[in-house]
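>>> kindly return the folded structure for what I paste below:
(one chain, ligands or ions: 2)
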Amino acid sequence: MIRNILGIGAGYVGGPTMAVIAKHCPEISVVVADIDAERVAAWQSGAPPIYEPGLQDVVRVALGRNLRFTAQVEEAIRDAEMIFVSVNTPTKTFGQGAGRAADLQYWEKTARSILEHARGQTIVVEKSTLPVRTAEAMERILKAGRGDARFQVLSNPEFLAEGTAIADLENPDRVLIGGAETPEGQAAIEELVGIYAHWVPRERILTANVWSAELSKLAANAFLAQRVSSINAISVICEQTGANVLEVARAIGTDRRIGRDFLRAGVGFGGSCFQKDILNLVYLCEHYGLDEVARYWEMVVAMNQYQKHRFVERMIRAMFNTLADKRIAVFGFAFKADTGDIRESPAIQICRELLAEQARVCITDPKALDAARRELKDAGSRVSFEPDPYKAAQGAHAIALLTDWREYQGLDYERIYAEMEKPAFFFDGRNHLDPEKLFRIGFNVYAVGRPDLSAL
Ligand code: NAD
Ligand code: UGA
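Ligands and ions are numbered 1, 2, ... in the order given. As a prediction, the model looks like this:
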């Protein structure tokens, strides 16, 4: 029986995942280690450094009981029987495979650190999303050790989505565990199954070989992103023909084979993983000489770029072909609601394109304003940041709604309209508000995948 678990990496995945394990396994000591001392201090104080609904409550249940955060990574490795690795694996920005392959430097540093400091029998669990066959590479590194430590490497990809991380971890559709098809590999799988079985029904815990588990993670994200790009591709046709993308999504989504979820047209998908993981898949295909397959998946990302760019083009066209010196209030900078995360948020590209048109951009967001400020620190004086959406819209020529925050549905748009320049424009990048209602107030309304509602 495992009694000491270590999580390396206290980010969006590592922090919530280890906290939920600690909550459900009070007899196991769970330590989470990260090289970022500031992050560690925030976790250890009970006020997590990331915003995630319900997270603080879970952390507080276990903190000080069987959950602890530390910046002493090496020391923590020494005592662990099982080590979950949840370090970041961004897209490589340099050298071979730049812009496509995963940058494995953080992951490899962790593997070397484990090799140096682990003692006895240790199970290493890949939680980070990694290229197929990485577990094998990790095993090769770990086998290079000369000490008495022995390792089993498992792949246990994480499927949580930000904003619903706690619900996803508490009640997952499935937990996937890949391991070696040897007796030792199977025994390691059983240890990990035993941990999840504290709260996940056995039939939802799937086991596989290690490469299937690694590939399933990339494939799941590729399929999800593909659905978003597919509905966004349909939204382009809708805008041209007078069809309404919401009606089309409802009509096709009622077919059980297609399903209702992930058919919301919008300004494109963001987040730290969809694009990264598809590019990673594309790189893998290219590596194996599978050019047709690579081009197929690459189009999902190309469509996403087009959707963001086309949103700005529609704004320019509607606003008499010039945005120069016009004030645009941007409602929402996070890549989706209920998170302060802005990684790959469509708002980044859209704001930069608006600024390139010499618009004056005022950004508001309930959780991501500081992150937006950091992201656009080089953007000059045309961009400003305002926590109050009413103030952001004051004197604006247009509102561009880019994140589907619930609070934007409850605003007084009569009041907002009264304080805007006229004609006032509303570009709903998420189909988040009732366009007819806005139109009745006086706005000229342009919602993704729907016909223009304009009096001009
Ligand atoms: P993140 O950047 O939020 O967190 C990674 C953490 O690892 C950081 O705090 C960093 O300081 C730490 N770290 C890096 N190198 C380290 C080292 N050598 N030792 C100790 N700590 C180290 O990243 P994330 O969003 O949590 O993603 C982690 C992995 O999980 C990625 O591979 C990602 O693809 C995958 N994933 C992410 C999500 C998500 O929703 N964010 C969901 C599923 C899977
Ligand atoms: C996604 C997956 O849903 C998770 O299963 C996966 O674990 C995670 O990536 C990961 O590997 O990091 P996440 O990126 O947090 O989770 O959020 P999603 O809810 O998937 O949304 C991604 C993007 O797609 C957001 O920008 C969202 O606004 C957009 N989206 C989603 C749409 O535009 N339309 C939709 O119908 C659904």
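>>> contacts, neighbours, all on C-alpha from now
Noted.
>>> would you mind naming what in the stretch 201-350 of the chain lies close to ligand 2?
221, 228, 262-266, 268-271, 273-274, 335-336 (C-alpha under 6 Å from any ligand atom).
>>> tell me which stretches of the stretch 351-456 of the chain form helices.
Taking DSSP state H, counting those that start in this stretch, the helices of the stretch 351-456 of the chain run over residues 369-375, 389-393, 413-418, 435-441.
>>> what lies in contact with the first one?
This means helix 369-375. 333, 340, 341, 342, 348, 363, 385, 386, 387 (C-alpha atoms under 8 Å, 6 or more residues apart in numbering).
>>> ranking by neighbours, what's the top pick from the residues you listed?
residue 333 (30 neighbours; other C-alpha atoms under 10 Å).
>>> quickly find the element holding it.
Here residue 333 sits in a region with no helix or strand, counting by DSSP states H and E.
>>> what's around the residue lying closest to it once chain neighbours are set aside, how many residues?
Leaving aside its sequence neighbours, residue 333 sits nearest to residue 347 (C-alpha to C-alpha, 6 or more residues apart in numbering; 5.3 Å). By other C-alpha under 10 Å, the residues close to residue 347 number 28.
>>> likewise for residue 434?
12.
>>> and residue 365, by the same measure?
Number of residues near residue 365 (other C-alpha under 10 Å) recorded here: 26.
>>> and what of the one 10 residues further on?
Here the number of neighbours of residue 375 (other C-alpha under 10 Å) works out to 13.
>>> out of the residues of the stretch 201-350 of the chain next to ligand 2, which are close to ligand 1?
Answer for these near ligand 1 (C-alpha under 6 Å from any ligand atom): residue 273.
>>> show the buried residues in the residues of the stretch 201-350 of the chain next to ligand 2.
Neighbour counting by 16 or more other C-alpha atoms under 10 Å classes 221, 228, 262-266, 268-271, 273-274, 335-336 among these as buried.
>>> what is the nearest of the residues you listed to residue 35?
When those are ranked by distance to residue 35 (C-alpha to C-alpha), residue 273 comes first, at 21.7 Å.
>>> need the contact list for that closest one.
Neighbours of residue 273 in contact, by C-alpha under 8 Å, 6+ apart: residue 221.
>>> okay, it: pLDDT?
If you check residue 273, the pLDDT there is 95.
>>> check residue 146 too.
Each residue has a pLDDT score; the one for residue 146 is 68.
>>> what does the stretch 51-200 of the chain put close to ligand 1?
86-89, 106, 109-110, 128-129, 158-162.
>>> and if we set it to 5 Å?
86, 87, 88, 89, 106, 110, 128, 129, 158, 159, 161, 162 (C-alpha under 5 Å from any ligand atom).
>>> which of these fall within helices?
106, 110 (DSSP state H).
>>> redo the residues of the stretch 51-200 of the chain next to ligand 1 as TSV? Include neighbour count.
Shown next, in TSV, are those (neighbours: other C-alpha atoms under 10 Å):
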residue	neighbour count
86	28
87	26
88	23
89	21
106	14
110	20
128	22
129	27
158	22
159	20
161	15
162	21
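>>> give me the longest helix you can find in this structure.
For the chain, the longest helix by residue count, based on DSSP H, is helix 210-241.
>>> where's that one relative to the chain centroid, distance-wise?
14 Å (C-alpha atoms, centre = their mean, to the nearest Å).
>>> which SS state does residue 16 fall under?
Assigned by DSSP: H, G, I helix; E, B strand; the rest coil, the conformation of residue 16 is helix.
>>> ok, it - contacts?
55, 59, 165, 166.
>>> neighbour-wise, which of the residues you listed leads?
The most crowded member of those, judged by other C-alpha under 10 Å, is residue 59 (25 neighbours).
>>> beta partners of residue 69?
When bridges are called by DSSP bridges, residue 69 pairs up with residue 32.
>>> count the neighbours of it for me.
Around residue 69 there are 27 residues (other C-alpha under 10 Å).
>>> again with residue 456
Residues contacting residue 456 under the criterion other C-alpha under 10 Å number 6.
>>> what about this structure, any weak spots by pLDDT?
146 (pLDDT under 70).
>>> phi, psi of the residue nearest the centre of it?
Against the mean C-alpha coordinate of the chain, by C-alpha atoms, centre = their mean, the closest residue is residue 271 at 3.5 Å. Residue 271 adopts backbone torsions of phi 100, psi 160, taken as degrees, to the nearest 10.
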